[in-house]
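> Coordinates only, no sequence provided:
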């Protein structure tokens with residue numbers, strides 16, 4: 001028989017104490033994370049949107065704060081000489097033992113890595129000191145009986161209307177509904193049309209996640225109908241009407257629309273989860289093509305999302321052979337953007353210096369990206385994953401790309417043997433640049449796609465305006481088209497708050513000399529914006545101009561921007577509908593006269 005080698009007995013008290021300290025740090029983090037997620041229900045019931053948005057932003061910083069607290073405790077308690085390689089190996093083994101019955105082992109492992117990487121040199125990142133792969137399974141973790149992951153209902157037994165009403169009332173929202181029976185009737189009618197005869201079979205069941213998903217001014221019921229091997233995903237948004245009463249706004253069945261609801265371009269949900277891996281598993285049955293990393297991220301667990309994404313990336317590198325190359329599109333003045341053709345993401349590196357007319361710094365660019373991370377992205381700004389000290393195989397870089405990186409970003413690009421180390425970069429979902437989308441549509445004579453691109457472009461800008469974001473550089477090259485046909489902004493180095501901008505009309509020229517002048521004859525302050533000038537650099541193409549003016553001519557007027565700014569200053573928070581308006585139960589299309597107004 002082959003011999004089995006067992007690890008020697010763990011006997012370092014220091015190693016156990018360090019492991020316990022790190023896990024205590026994580027447990028504190030997740031306790032506070034859950035408390036804030038649970039509080040989202042109170043904010044929703046009170047209609048306190050400003051507090052809800054502020055708390056959602058603050059929650060993003062919880063993780064880094066707890067990591068730094070833990071690092072500080074370890075540095076204060078132990079001398080570096082006490083913690084050699086053998087001790088660190090034991091720390092990890094003790095930590096694994098502490099996670100055996102833990103409810104969030106995958107999150108705790110990521111927290112462990114974050115603490116270690118703040119203490120250890122990067123040469124240790126890929127050895128047995130940290131969790132390169134998950135060590136503790138997240139399969140079949142039992143939840144608390146008081147709050148299971150999901151509740152199960154049998155509509156054939158109790159009737160669909162009663163079952164749907166019970167699903168809603170089980171969430172025990174304190175705010176009254178305007179007419180719950182009416183709204184449940186709307187949902188029931190659409191479900192009957194979708195599920196058909198499956199509803200009549202006794203084994204048909206409906207599973208609904210036990211916590212509501214809160215974001216912006218909405219709460220979302222997430223569930224699925226199951227009959228044998230047939231699964232019918234659905235989401236029911238709960239919103240307020242103008243009288244301050246709750247309504248069921250619609251019901252979504254289309255997996256594409258549900259995927260867009262959970263898009264990387266939106267703010268993170270606030271949702272209370274004792275066992276997050278169980279929520280991710282449930283959501284994967286609704287969106288089987290969405291990576292686990294993205295689902296963890298949209299649930300507000302973005303650090304684990306980063307770790308899971310990086311593992312996926314390393315796996316892809318091992319099983320591919322293509323080389324990194326410059327991303328398609330017009331080269332930027334602030335970033336070097338490169339991609340692996342077989343991988344659906346781009347890598348963005350901030351240059352060390354920026355040619356005119358750019359007037360910014362690396363620190364300011366990083367602040368802008370952090371602003372987007374913390375802001376409501378309203379489905380129109382791509383989330384980014386920020387990494388430090390990323391090792392790439394040298395053999396996968398072309399000499400041209402490597403030369404460019406060393407030329408424009410020498411302070412953050414290093415060669416170590418057969419690896420390229422990039423000290424800081426952003427990773428973003430790859431999209432087709434809007435300028436390329438429009439030019440290709442024109443080349444094909446596809447007028448419908450050109451019009452769609454311009455409609456989406458204007459809608460993206462207006463959605464951003466609604467959440468107090470001015471894109472700054474509005475050129476088409478700074479917007480991308482997703483696989484679902486949505487236009488998304490992804491270049492953040494010039495964004496500003498709408499409320500920090502001064503939108504002006506261009507004064508009439510005083511004389512012929514003013515009119516012929518190549519320079520402004522009027523004073524221009526730093527944050528002055530003249531919307532009527534947008535057409536000069538946006539609307540040179542006749543067909544593009546036609547569709548832009550057809551749908552979004554108001555963006556060329558200072559009045560539109562001034563009115564939007566005033567609404568923000570007055571404290572108005574716009575409604576965000578991450579699904580088509582025509583699906584809403586109360587939707588009434590505007591008359592041509594109303595649209596013109």
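On my side now, so go ahead. Since this is a predicted model, take the numbers as computed values, not measurements. Numbering: from 1, shown residues only.
> Looking at residue 122 now. What's its pLDDT?
Per-residue pLDDT puts residue 122 at 62.
> separation between residue 339 and residue 325?
As judged by CB to CB, to the nearest Å, residue 339 and residue 325 stand 7 Å apart. Using the backbone N, CA and C atoms, a C-beta is placed for each residue, glycine as well.
> Between these two, which is the more surrounded one?
residue 339 (19 against 15; other CB atoms under 10 Å).
> check contacts around the more buried one.
When the contact criterion is CB atoms under 8 Å, 6 or more residues apart in numbering, the partners of residue 339 are 324-327, 345-347, 430.
> Pick out the most distant pair among these.
326 and 345 (14.5 Å; CB to CB).
> Tell me which of the two has more neighbours.
In this view residue 326 and residue 345 are compared by other CB under 10 Å, and residue 345 has more residues nearby, 17 against 14.
> What helix or strand is the closest residue to residue 158 other than its chain neighbours located in?
Leaving aside its sequence neighbours, residue 158 sits nearest to residue 166 (CB to CB, 6 or more residues apart in numbering; 7.5 Å). Here residue 166 sits within helix 160-169, counting by DSSP states H and E.
> The residue nearest to residue 158: how many residues sit nearby?
Using other CB under 10 Å, residue 166 has 15 other residues around it.
> what does residue 517 give?
Other residues close to residue 517 by other CB under 10 Å number 11.
> just residue 245 next, same as before
Under the neighbour criterion other CB under 10 Å, residue 245 is assigned a count of 14.
> One more: residue 435?
Neighbour tally, residue 435, other CB under 10 Å: 18.
> cool, residue 400 as well?
Count around residue 400 with other CB under 10 Å applied: 10.
> Next, the contact list for it, please.
With CB under 8 Å, 6+ apart, residue 400 has these contacts: residue 326.
> Which helix or strand contains it?
Residue-wise, residue 400 maps onto helix 399-408 under DSSP H and E.
> Parallel or antiparallel, which strands does the very next helix or strand once past that helix pair with?
Next helix or strand after helix 399-408 toward the C-terminus (DSSP H and E): strand 413-416. Neighbouring strands of strand 413-416 in its sheet, by DSSP bridges, are strand 419-429 (antiparallel).
> if we can go back for a sec, with distance to residue 276 and secondary structure added, can I get the contacts of residue 339 in TSV?
As requested, the contacts of residue 339 are exported to TSV (distance: CB to CB, whole Å; DSSP: H, G, I helix; E, B strand; the rest coil):
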residue	distance to residue 276	secondary structure
324	33	strand
325	36	strand
326	37	strand
327	33	coil
345	23	strand
346	28	strand
347	28	strand
430	27	coil
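> which one among these gets closest to residue 281?
Using CB to CB, the contacts of residue 339 come closest to residue 281 at residue 345, 23.8 Å.
> show me what contacts that closest one?
Counted by CB under 8 Å, 6+ apart, residue 345 has contacts 313, 339, 427-430.
> Before we move on, what's the pLDDT of it?
We have a pLDDT of 96 for residue 345.
> Who does it form a beta bridge with?
Counting by DSSP bridges, the residues bridging with residue 345 are residue 429.
> gap between it and residue 261?
When distance is defined by CB to CB, residue 345 is 21 Å away from residue 261.
> Below-threshold pLDDT in this protein: ranges please.
1-11, 121-127, 145-146, 198-200, 588-597 (pLDDT under 70).
> Give me the domain ranges for it.
Annotated domains of the chain cover 13-124, 150-310, 320-430, 434-596 [automatic domain parsing].
> now these as TSV including distance to residue 131?
Compiled in TSV, the domains of the chain are given as follows (distance: least, CB to CB, whole Å):
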stretch	distance to residue 131
domain 13-124	4
domain 150-310	8
domain 320-430	17
domain 434-596	31
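> List just the one of these that sits closest to residue 134.
Nearest to residue 134, of those and by CB to CB, is domain 13-124 at 5.9 Å.
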